[in-house]
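> no sequence for this one, just the structure:
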């Protein structure tokens, strides 16, 4: 009998609170700052608790709770007590806002990862490519230094000067077979010095 009486008292208290909170929301819809302050005092712990359970971060939970109450202030006139209780309406707003925050943070983290991967990946590739190019140039210069003067001159005119074998022969004043031989022998020697098989 005592248990029944205390259960009835708890239900009565919840019903009374629901009516009072609905009245406060209605006054908030009329821009009543005092009603808003009282609504905040009576519900902020519950709203913050729900938001914290979703976000798992006290700092984000505080910010999001503040956003929830800003939304309540702006949209209190939309509350309709025939569609649900004041607490349900508040908690629905809080839950939606917290979930939106989680999604926004996840999207931000994914953008950061994608940006970092793209940026760092490109920088790494560019640096690696530049280092490789410089090493190749150094190896070619060193390889060219191992050639005879006539081989180096014939190869430089043909490959770096963009001349045909016939133009190289005419420039050097030697026969075409001689130029071909110098270039062939020079390239064979250069391949060996570069370690190309």
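Yes, it's here. Since we're looking at a predicted model, the values are computed, not measured.
> in this structure, spot the helix with the most residues.
helix 86-145 (DSSP state H).
> count the residues that sit near residue 55.
21 (other C-beta atoms under 10 Å). Where you see a C-beta, it was placed from the backbone N, CA and C, and this is true even at glycine.
> what does it show for phi and psi?
Note on residue 55: backbone dihedrals following degrees, to the nearest 10 are phi -90, psi -30.
> what's around the residue lying closest to it once chain neighbours are set aside, how many residues?
Excluding the flanking residues, the one nearest residue 55 by C-beta to C-beta, 6 or more residues apart in numbering is residue 61, at 5.0 Å. Residues near residue 61, counting by other C-beta under 10 Å, number 21.
> try residue 88
Residue 88, neighbours per other C-beta under 10 Å, totals 11.
> distance of it relative to residue 78?
Here the criterion is C-beta to C-beta, to the nearest Å. By it, residue 88 lies 14 Å from residue 78.
> one more: residue 24?
15 Å.
> between these two, which is the more surrounded one?
Between residue 24 and residue 78, counting by other C-beta under 10 Å, residue 24 is the more crowded of the two (23 against 10).
> give the contact list for residue 60.
101, 105 (C-beta atoms under 8 Å, 6 or more residues apart in numbering).
> mind checking pLDDT for it?
Listed pLDDT for residue 60 reads 91.
> contacts for the helix or strand hosting residue 36 next, please.
Element membership of residue 36 [criterion: DSSP states H and E] is helix 33-55. Residues outside helix 33-55 that contact it (C-beta under 8 Å, 6+ apart) are 17, 21, 24-25, 27-28, 58, 61-62, 64-65, 68-69, 72-73, 76, 87, 90-91, 94-95, 97-99, 101-102.
> buried subset of those residues, written for ChimeraX?
This is how ChimeraX selects the buried members of the contacts of helix 33-55, with burial counted by 16 or more other C-beta atoms under 10 Å:
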select :21,24,25,27,28,61,64,65,68,69,72,76,87,90,91,94,95,97,98,101
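> rewinding a little: which other helices and strands contact the longest helix of the chain?
Applying 3 or more C-beta pairs under 8 Å, 6 or more residues apart in numbering; DSSP states H and E, one finds that helix 86-145 contacts helix 2-29, helix 33-55, helix 58-75, helix 176-194.
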